[in-house]
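Peer 1: structure, please.
(one chain, ligands or ions: 2)
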Amino acid sequence: MSNPLWTCQAVLAATGGKLSGDGETAFGSVAIDSRTLEPDALFVAIKGERLDGHAFVDQALSGGAAGAIVSQADAAVPGKGSMIRVADTLAALNALGRAARARTGAKVVAVTGSVGKTSTKEALRLAFEQAGRTHASRKSFNNQWGVPLSLANMAQETQFGVFEVGMNHAGEIEVLVDLIRPDIAIVTTVEPVHLEFFSSVEAIAEAKAEIFIGLVQGGTAILNRDSAYFELLRDRAKQHGAGAILDFGFHEEAFARLLDAELGAEGSMVEAMVGGQKLSYRVGAPGRHQVLNSLTVLAACHAAEIDVAKAASALAGHQAQKGRGARFIVGEGEQRVAVIDESYNANPASMRAAFEAMAQTPRGEFPRRVAVIGDMLELGDDGPALHRDLAAAVDGAGVDIVFACGPLMAGLFDALPGNRQGGYAPSSSELAEMVVDAVTPGDVVMIKGSLGSRMEPIVEALRQSLTRRISS
Ligand SMILES: Nc1ncnc2c1ncn2[C@@H]1O[C@H](COP(=O)(O)OP(=O)(O)OP(=O)(O)O)[C@@H](O)[C@H]1O
Ligand SMILES: [Mg+2]
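Peer 2: Residues are numbered from 1 along each chain as shown. Ligands and ions are numbered 1, 2, ... in the order given. Next up is the predicted model:
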């Protein structure tokens, strides 16, 4: 392997582990899931909430891993490859992450916020890739395992590193950002999300502000100027030694300022002013929220000292991700049905964004708007009111008919006028059939709920039924 991600010796130095087996092994990647290993991976046996990776070490090694990091207490003997024993495997993964950060000269960006982290991270990946070698977290790898794993997979030669940082509780971001040590720290938005674990939205803002604790001295903070928590975040960024604060949004003093956006079903044309430079560009992912995410990205590109106009033109390639607004069309001509898959997660902010984006679908092409919505979870005592409050967004988006499931969505469903009530069921599995039966040619169907509300099976049931209808 030319220029491996990790040599066995570098792993030993970073983790202080004890080796048995081959000391000359080179590793091409680091993994904690034995099912998705690449050949030559280093498998780290992590004890998770449900499973203990130590039960999968054999499987990993026979599946192609070149070695494993295991706990001292583990008695397994390597048949081949290297076995590195440590006191605590998660601490070892953190140590690898830290070492990967320390040895690279990359510009490193950390992205947190209540919504839009993955969308912004993926847009940053596109913007940076056209400027140099880029490494970004996979999927939403943003927690105590995902962040060190993402860091540990960053090659030394990386020029731009982008890491997603999530949290459910105060104190979590501080630990993660201490590993990342970003040059640029982004807070996309602050919204009532995971409210169950916080006394107020302000407490959420304070928890997001932990991202600045790990910012390198003199680094750049990127903030949403239109947020009610802009001042709070700005003050915290300054307290923690930010050298520059770049803000984005509609505000006329914003560093990255939206001048105009022409929203469409398959993307938007944007005019923006970024640091005094006027830019016109296309964002391939639909919705005003993606336009705002693009401003965040361009502010970060400025901070990373790359050509902002070139970065902007790369955003045409930004597609909505599966479960986060990706759209598919089944059928042809007047028989077409458009399905917008928003099944990956939901909270009041992303629900509103999704309704607004759905409304970009031209009536001429898809005359009827159908929303299929499940509970937004982890909202605590405010949950019922935050669900009922969505009635205005349903109205504003011109949704013709609503199908709902879950105890919280029942409140919204009951608050809708009778002609908008398509059907209600306690669970998504009971709702699926109603939706499948009701959808007719010419519909645009938007399906959204928290992951725990299990809306994805409705997307799949609809996909299958529509495909069957066409072929029969
Ligand atoms: N800036 C934004 N404002 C409001 N909604 C947004 C924004 N960006 C993305 N969204 C919406 O929020 C949903 C989740 O987006 P995304 O996956 O980017 O968020 P995330 O913060 O990574 O979520 P998670 O915490 O689950 O990892 C998407 O379906 C999209 O509709
Ligand atoms: Mg995410």
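Peer 1: who touches the residue minimising distance to the centre of the chain in this structure?
Peer 2: Centroid check for the chain by Cα atoms, centre = their mean gives residue 118 as the closest residue, at 2.3 Å. When contacts are counted by Cβ atoms under 8 Å, 6 or more residues apart in numbering, residue 118 touches 139-140, 164, 321, 324. (Glycine included, C-beta is placed from N, CA and C.)
Peer 1: for residue 279, same thing?
Peer 2: Counting by Cβ under 8 Å, 6+ apart, residue 279 touches 270-273, 298, 308-309, 312.
Peer 1: ditto for residue 134
Peer 2: By Cβ under 8 Å, 6+ apart, the contact set of residue 134 is 125, 128, 158-162.
Peer 1: among those residues, which are located in strands?
Peer 2: 160-162 (DSSP state E).
Peer 1: got the domain ranges for the protein?
Peer 2: Following automatic domain parsing, the chain resolves into domains at 6-89, 104-317, 326-471.
Peer 1: does ligand 2 sit close to the longest one?
Peer 2: Just to be clear, that refers to domain 104-317. Yes. Contact of domain 104-317 with ligand 2 (Cβ under 5 Å from the ion) involves 117-118, 140.
Peer 1: swap in the last one?
Peer 2: No. When contact is scored as Cβ under 5 Å from the ion, no part of domain 326-471 falls within range of ligand 2; the minimum is 7.8 Å.
Peer 1: SS state for residue 356?
Peer 2: Under DSSP: H, G, I helix; E, B strand; the rest coil, the three-state class of residue 356 is helix.
Peer 1: show me the contacts for it.
Peer 2: Counted by Cβ under 8 Å, 6+ apart, residue 356 has contacts 287-289, 393, 396-397.
Peer 1: now, of those residues, which are buried?
Peer 2: Buried by 16 or more other Cβ atoms under 10 Å: 287-289, 393, 397, out of the contacts of residue 356.
Peer 1: ok, so of those residues, who is nearest residue 386?
Peer 2: Distance to residue 386, by Cβ to Cβ, is smallest for residue 393 among the buried ones among the contacts of residue 356, at 11.4 Å.
Peer 1: pull the contacting residues for that closest one.
Peer 2: Residue 393 is in contact with 351-352, 355-356, counting by Cβ under 8 Å, 6+ apart.
Peer 1: same thing with residue 191?
Peer 2: Contact analysis of residue 191 by Cβ under 8 Å, 6+ apart lists 114-115, 201, 204, 347-349.
Peer 1: surely it is in a strand?
Peer 2: No. Read with three-state DSSP, residue 191 is coil and lies in no strand.
Peer 1: how close does residue 173 sit to ligand 2?
Peer 2: Distance, residue 173 to ligand 2, by Cβ to the ion, to the nearest Å: 14 Å.
Peer 1: can you name the residues bridging to the residue in the stretch 151-300 of the chain that ligand 2 sits nearest to?
Peer 2: In the stretch 151-300 of the chain, the residue that lies nearest ligand 2 is residue 164 (5.6 Å; Cβ to the ion). Note on residue 164: beta-bridge partners residue 111, judged by DSSP bridges.
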